[in-house]
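Asks: Sequence first, predicted coordinates after that:
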Amino acid sequence: MARMNRKDPAPPRTHEGARAVKISPELELRRSVLATMLWEDQFYEEGESIASRVQSLVSRVEPEKVAALAIEARIQMKLRHMPLLIAREMARSERHRPFVAKVLGEIIQRADELGEFLALYWNEGKKPLSKQVKKGLALAFPRFDAYQLAKYNRGGLVTLRDVMFLVHPKPRNDEQAEIWKRLAGKTLEAPDTWEVNLSAGKDKKESWERLLREKKLGAMALLRNLRNMLEAKVDEELVKDALEHIHGERVLPFRFVSAARHAPQWEGSIEKAMLRSLEGAEKLPGKTILIVDVSGSMYYGRVSAHSEMDRAKVACALAVLVRELCEKPVIYATAGDDGRRVHATERVPERRGFSLSDAIYSLTKPLGGGGIFLKQVMDYVYEKEKDADRIIVITDEQDCGIAKGDEPAGARAFGRRNYLINVASYKNGIAYGTWHHIDGWSDAVLRYIGEFEKLPLGEQESFRKEKK
């Protein structure tokens, strides 16, 4: 007979040892999904273990909620591969399978994701496609025009031509039917993109300058290729003109920060483009205290293997966003000493743009390589500020407060509203009782706060309790 008279299991802990909070499978799934570049290692956990945790959690969460999370991750948080993994796991579960077609129809926003999903579906061996998978891929396929199909119909395990033959989508009109006929016959013309131009061996300088004159580079393509244009000695006035007319409303500040690092002589134009993209946005009213975690786990290791950005740089870029979208911002950076278990916190000068990002990041090592001490930080900031309309903490939640009276659950949440933005995917989180948790690091987190605060107070409280 199994014993029932046992001690409660040890409470969950952060990787730095502070008491964490046991949360529902749904909240644990949100933590693991919304700040994850799939299969990329983080400071404390390997990407494979995070992916495995997501796979195991999907079946434990109600299918409607899993479906909504996959769509949120793709549409709002702009994640590409994690939503595909969720859809793949839903296809395994009898309970979740009826939602797969709708999810795939929503989350596949780029033509190459059709093949990416099938490669993931067959990762453990090729097998017939389920009815829901076929239906979902067939729903998504007509979304893409000739340009998109030609751009992404490249070599790989699964081509777009393969997908079309497997799922038999229905064209919306005769024009689309003709495009698909050319795709099937392998006669679809290559699009006029920078990738095609450069891979064809054309003169790089000439190709970039023509694409710039004809305004054929989107915001992300422009920012990502500034270094390549610099190396090709592209006309600087053409580049500056493109930056002046960039449509960067959907581009996160850290993309501009990264671009300026690779093309410093255009930093002024890049910064103006970034700040211009934030103009006209609705501001959060009143006084906002922003606290940025610049501890060691935030700046050691990269967001992805192909990125030079670490989580501290992402947090600094989010701070730029907060600075522009808040009426009265006050910003602090914090870290500490793990050995002595003491925080180190400093107010950041009143700057904006790249200067603000640099000022915060410059405090990473001077403030110590230890983790965040939320209880100590909030006591310190309270003595300095006394009140706030809202407090926002950007952190990976790896709190070091392990002594009695120093645990994160006791952190003084003295703002009218108190938010903790989690920018990592670690299993255990802190202070769920008094802090409103938001997972992820896209511009959606600020838009979420703005929309949440428009709700009547009673609805805000009900929503918070539902999310605990």
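Replies: Looks like it came in fine.
Asks: Counting by contacts, list what the longest strand along the chain packs against.
Replies: In the chain, with assignment by DSSP state E, the single longest strand is strand 326-337. For strand 326-337, the elements it packs on are strand 284-293, helix 311-325, strand 342-347, helix 353-361, helix 374-385, judged by 3 or more CB pairs under 8 Å, 6 or more residues apart in numbering; DSSP states H and E. Just so you know, the C-beta spots here come from the backbone N, C-alpha and C atoms, and that holds for glycine as well.
Asks: hmm, try it at 6 Å
Replies: strand 284-293, strand 342-347 (3 or more CB pairs under 6 Å, 6 or more residues apart in numbering; DSSP states H and E).
Asks: now the angle between helix 311-325 and that strand, please.
Replies: 160 degrees (axes from the mean of the first three to the mean of the last three CA atoms, to 10 degrees).
Asks: Which helix or strand in this protein has the lowest average pLDDT?
Replies: Least confident element among the helices and strands of the chain, by mean pLDDT, DSSP states H and E: helix 457-467 (a mean of 62).
Asks: Of the helices and strands packed on strand 326-337, flag the one that's most buried.
Replies: Among the helices and strands packed on strand 326-337, strand 284-293 has the highest mean neighbour count (mean count of other CB atoms under 10 Å), at a mean of 22.
Asks: So which residues of the stretch 101-250 of the chain form helices?
Replies: 112-121, 131-140, 146-152, 160-167, 174-184, 194-199, 204-213, 219-224, 226-231, 236-244 (DSSP state H, counting those that start in this stretch).
Asks: what does the third one rub up against?
Replies: Taking CB atoms under 6 Å, 6 or more residues apart in numbering as the criterion, the residues outside helix 146-152 that touch it are 111-112, 160, 179, 183, 188, 190-191, 193.
Asks: Only whichever of those are buried, select them in PyMOL.
Replies: To isolate the buried ones among the contacts of helix 146-152 in PyMOL, judged by 16 or more other CB atoms under 10 Å, type:
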select buried, resi 111+112+160+179+183+188+191+193
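Asks: got TSV for the contacts of helix 146-152, with pLDDT too?
Replies: Output for the contacts of helix 146-152, formatted as TSV (pLDDT from 0 to 100):
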residue	pLDDT
111	95
112	94
160	95
179	95
183	95
188	89
190	76
191	73
193	71
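Asks: In a markdown table, list the contacts of helix 146-152 along with distance to residue 146.
Replies: Listed next are the contacts of helix 146-152 as a markdown table, based on distance: CB to CB, whole Å:
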| residue | distance to residue 146 |
| --- | --- |
| 111 | 11 |
| 112 | 15 |
| 160 | 11 |
| 179 | 5 |
| 183 | 8 |
| 188 | 7 |
| 190 | 11 |
| 191 | 8 |
| 193 | 13 |
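Asks: for residue 308, helix, strand, or coil?
Replies: Judged by DSSP: H, G, I helix; E, B strand; the rest coil, the three-state class of residue 308 is coil.
Asks: quick one: pLDDT of it?
Replies: The model reports residue 308 with a pLDDT of 74.
Asks: How many residues are close by it?
Replies: 11 (other CB atoms under 10 Å).
Asks: coming back round to it: wait, which of the helices of the stretch 101-250 of the chain is closest to residue 344?
Replies: Smallest distance to residue 344 across those (CB to CB): 33.9 Å, for helix 219-224.
Asks: related to what we said a few turns ago, of the helices of the stretch 101-250 of the chain, which shows the lowest average pLDDT?
Replies: helix 194-199 (a mean of 70).
Asks: for this structure, which spans come out with low pLDDT?
Replies: The chain contains residues with pLDDT under 70 at 1-10, 15-18, 20, 37-48, 197-201, 301-302, 304-306, 458-468.
Asks: JSON lines please, covering the helices of the stretch 101-250 of the chain and showing distance to residue 309.
Replies: Below are those laid out as JSON lines (distance: least, CB to CB, whole Å):
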{"stretch": "helix 112-121", "distance to residue 309": "23"}
{"stretch": "helix 131-140", "distance to residue 309": "30"}
{"stretch": "helix 146-152", "distance to residue 309": "25"}
{"stretch": "helix 160-167", "distance to residue 309": "31"}
{"stretch": "helix 174-184", "distance to residue 309": "36"}
{"stretch": "helix 194-199", "distance to residue 309": "22"}
{"stretch": "helix 204-213", "distance to residue 309": "24"}
{"stretch": "helix 219-224", "distance to residue 309": "13"}
{"stretch": "helix 226-231", "distance to residue 309": "15"}
{"stretch": "helix 236-244", "distance to residue 309": "20"}
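Asks: Ok, which of these comes nearest residue 252?
Replies: Short answer: helix 219-224, nearest of those by CB to CB, at 10.2 Å.
Asks: what's that closest one in contact with?
Replies: Against helix 219-224 from outside (CB under 6 Å, 6+ apart): 242, 246-248, 251, 255, 259.
Asks: quick one: which of those is most hemmed in?
Replies: residue 259 (25 neighbours).
Asks: and it, what element?
Replies: Element membership of residue 259 [criterion: DSSP states H and E] is helix 253-262.
Asks: angle of the next helix or strand after that helix against helix 353-361?
Replies: Note on helix 253-262: by DSSP H and E, the next helix or strand toward the C-terminus is helix 267-278. With the same axes, to 10 degrees applied, the angle from helix 267-278 to helix 353-361 works out at 100 degrees.
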